[in-house]
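> quick one: sequence and predicted model below, then my questions.
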Amino acid sequence: MFLRKTACAAGLALLTLLASTAHATTDAATDAPSMRAGKTLHLFLSTSETGLDPAVASDLASLNLMENVFDPLLRYDYLARPVKLQGNTTRGLPKVEDGGLSYTFQLQPGVFFTPDPAFKGKPREVTAQDYVYSLMRLYDPALKSPWLFLLEDKLVGDAVLKKNFSYDTPIAGLQALDKYTLRIRLNSIDPNFLFYLAMPATGVVAREVAEAYAAPGQLGNHPVGSGPFMITEWKRSDKIVLQANPDFRATVFHTEPAALSALPPVDQAIARSLEGKKLPLVERIEVRIVEEYQSRMLGFLKGEFDYLEQVPESLTDMVLAHGGLKPELAAKGITLERFPVLQTYYMWMNMDDPVLGGYSKARLALRRAIALSYNSGEDIALLKKGLALPAQSPLPPNVLGYDKGYRSPVSYEPALARALLDRFGYKMGPDGFRRQPDGTPLILTMYTEPSMVGRLRDELWRRNLNAIGLRVAFKSDKKTEIIKASRLGKVQMFETNWIADFPDGDNFMQLLYGPNSGRANYARFNLPDYNKRYEEARLLSDSPRRRSLYFDMWQLIHAYTPWVLLTHPISADLQQAWLKNYRRHPVELTSWRYLDVDRARDRATVK
């Protein structure tokens, strides 16, 4: 699931939870409907959406959209670094009691779902019971929610939901005390719990809407939320249009003077531009699905898109020269920012696969040889164009738990890879490729995406693996289809990435936790020694004990090699001259509610 400015990122390790800078208010503010009239953002998503059901969707495109349609209890302060949580549909942060085991939230009155026939023509206010229902949906066995791990075994009494699920079964850990008061009680302390309540997965949905569109997948085709935007046009895998929600609660941006003075100058200017304005600032957002890298780049350069995050490595020569933006683009007002993304690229291997899975020494040697064949230097220099760091552990920089001094014991050593394969019976056959220890042919199958970059990466892996005598075949499909097959254990190898859902190492370490197999643990890694350490570490905040556990877990990953750790990207981001208030956030995926366009600028000037 389901993961932003260089100058600000160093502060993330000092994470704190403070009060709001953007809040609901009844005070006078700039009249939003008249100010936003006629303003349209033009954006793109790089992959097709699957469906807009908060409990079900985990692909990046769907999460981007849901972040603007559905309302979790909390959200992040837009500009604060270190990142801070603030109230979203609540009156600030919750009251925390019982040593961190009990959270009481006070919802804002006057938060309404967008109209839908399921409401029978009546305005439908969001209540505490709606959040009880929405969080229970993660347990619904019919939905097979990939986000269940956020709550599973954590809420007091949730065992009954897993044993005999019913939405009408009350549990002590999830209670609506009255219309606007929600209490959540935990079995044990979870330092990251509030982060979960700022994710799209915990966004509120109305029960009558879910029941009206109860057929499998139908709610995802019929999103009804309470967020700043509503979807008014949807052409699958092509175009999505969002309109400003006319009934969105009065949300006026405000930064306290002390917080303002602590911001970098560029962010201070954004804060002053936003001060006192009612969100959102534009009337309409047109989103296109553009999967080809070149089409995205050319579209941006023609002025068809307002910003472009993460310039494709293979196309950097189109916009960068001598490490900076080309002068002709800068002259048009286009700006460049480098942003260290909270993201890790890795190639996982299916531990249940009959060819390279399992925990025997021979299979371990095969996976270790594959890892030793990966040429990190070539990848970063030639394919990433220098816009990446080699991954030493699963954690990217600026995530809590990251150790900048840690170095992986596995590096690019093809000679050692060949020696390992020789020693454990993977002998060379007459065709120049290795065979399995029993003498049968050995062919690895790596899934891949049908894009130019996908083909370049295929060639990198082909060279790396052929150099140690391993034959590899590539099977191309859309990423969404590969992920579906991965959860069923039908994919042998696949290179993917994980973007932080929240800025803590637990979000990455859970990807290899045994009980998460079939969900986020695509490698289906299930090692008792790892599971035991993870179960202790997930109860701890960033501390010497947790760092010690993480060290041990990283060593186990290197020893058993369910993953080949690849890179942490550094994103080169571009924005057009007419776009206002854009600042990439380390955790939230979009900034759409804060963005504005300068109608005095002519979009055609960039052509």
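Sure thing, it's come through.

> contacts for the lengthiest helix in the chain?
Counting residues, the longest helix in the chain under DSSP state H turns out to be helix 544-560. Contact with helix 544-560 is made by 359, 364, 367, 393-395, 401, 403, 406, 408-410, 505, 509, 512, 525, 527, 529-530, 533-534, 536-537, 540, 563, 565, as judged by C-beta atoms under 8 Å, 6 or more residues apart in numbering. C-beta coordinates here come from the backbone N, C-alpha and C atoms, glycine included.

> for that helix, what does the pLDDT average out to?
Taken as a whole, helix 544-560 has an average pLDDT of 98.

> from the chain's centroid, how far away is it?
In terms of C-alpha atoms, centre = their mean, to the nearest Å, the centre of helix 544-560 is set 23 Å apart from its chain centre.

> do stretch 516-534 as well
With C-alpha atoms, centre = their mean, you get 19 Å for stretch 516-534.

> now swap in stretch 478-487 and tell me
Relative to the centre of its chain, stretch 478-487 is centred 16 Å away, using C-alpha atoms, centre = their mean.

> in that stretch, what's buried?
By 16 or more other C-beta atoms under 10 Å, the buried positions in stretch 478-487 come out as 479-480, 482-483, 485-487.

> in CSV: the residues you listed, plus distance to residue 36 and pLDDT.
Below are those laid out as CSV (distance: C-beta to C-beta, whole Å; pLDDT from 0 to 100):
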residue, distance to residue 36, pLDDT
479, 34, 86
480, 33, 83
482, 39, 93
483, 36, 89
485, 42, 94
486, 41, 93
487, 40, 90
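
> ok, residues contacting the following helix or strand past the longest helix of the chain?
Counting by DSSP states H and E, the element after helix 544-560 in chain order, helix or strand, is strand 563-565. Contacts to strand 563-565, defined as C-beta under 8 Å, 6+ apart, come from residues 344, 346-349, 370-371, 374, 391-394, 408, 410, 512, 523, 557.

> direction included, what does strand 563-565 pair up with?
strand 343-349 (antiparallel) (DSSP bridges).

> next, the angle strand 343-349 makes with the longest helix of the chain.
Counting by axes from the mean of the first three to the mean of the last three C-alpha atoms, to 10 degrees, helix 544-560 lies at 40 degrees to strand 343-349.

> CA atoms of helix 544-560 as PDB?
Taking Å, rounded to 0.1, in the frame of the first residue of the first chain, the C-alpha atoms of helix 544-560 are listed here in PDB:
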ATOM      1  CA  PRO A 544      18.100   1.600  21.100                       C
ATOM      2  CA  ARG A 545      16.300  -1.700  21.700                       C
ATOM      3  CA  ARG A 546      14.200  -1.400  18.500                       C
ATOM      4  CA  ARG A 547      17.400  -0.500  16.500                       C
ATOM      5  CA  SER A 548      19.100  -3.600  17.900                       C
ATOM      6  CA  LEU A 549      16.100  -5.700  16.800                       C
ATOM      7  CA  TYR A 550      16.100  -4.000  13.400                       C
ATOM      8  CA  PHE A 551      19.800  -4.900  13.000                       C
ATOM      9  CA  ASP A 552      19.100  -8.500  13.700                       C
ATOM     10  CA  MET A 553      16.100  -8.500  11.200                       C
ATOM     11  CA  TRP A 554      18.200  -6.900   8.500                       C
ATOM     12  CA  GLN A 555      20.900  -9.600   9.000                       C
ATOM     13  CA  LEU A 556      18.200 -12.300   8.700                       C
ATOM     14  CA  ILE A 557      17.000 -10.700   5.400                       C
ATOM     15  CA  HIS A 558      20.500 -10.800   4.000                       C
ATOM     16  CA  ALA A 559      21.000 -14.400   5.200                       C
ATOM     17  CA  TYR A 560      17.800 -15.800   3.700                       C
END
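
> buried residues in that helix?
So helix 544-560, judged by 16+ other C-beta under 10 Å, has buried residues 546-547, 549-550, 553-554, 556-558, 560.

> check stretch 111-128 too.
111, 113-114, 116, 118-119, 124-128.

> in a markdown table: those, plus distance to residue 301, pLDDT and secondary structure.
Shown next, in a markdown table, are these (distance: C-beta to C-beta, whole Å; pLDDT from 0 to 100; DSSP: H, G, I helix; E, B strand; the rest coil):
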| residue | distance to residue 301 | pLDDT | secondary structure |
| --- | --- | --- | --- |
| 111 | 41 | 98 | coil |
| 113 | 40 | 98 | coil |
| 114 | 36 | 98 | coil |
| 116 | 40 | 97 | coil |
| 118 | 44 | 96 | helix |
| 119 | 45 | 97 | helix |
| 124 | 44 | 98 | coil |
| 125 | 46 | 98 | strand |
| 126 | 42 | 98 | coil |
| 127 | 48 | 98 | coil |
| 128 | 49 | 98 | helix |
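
> which among those gets closest to residue 170?
Nearest to residue 170 out of those is residue 128 (C-beta to C-beta; 13.1 Å).

> ok, now how distant is that closest one from residue 524?
According to C-beta to C-beta, to the nearest Å, residue 128 and residue 524 sit 38 Å apart.

> what sits against residue 364?
559-561.

> residue boundaries of the strands in the stretch 301-450 of the chain?
Here the stretch 301-450 of the chain has its strands, by DSSP state E, counting those that start in this stretch, at 307-308, 320-321, 324-325, 335-340, 343-349, 388-390, 443-448.

> closest one to residue 273 among those?
Judged by C-beta to C-beta, the one of the strands of the stretch 301-450 of the chain that comes nearest to residue 273 is strand 335-340, at 15.2 Å.

> what comes into contact with that closest one?
Contact partners of strand 335-340, identified using C-beta under 8 Å, 6+ apart, comprise 4-6, 9, 309, 319-320, 324-325, 387, 389, 396-398, 568, 570-575, 577, 584.
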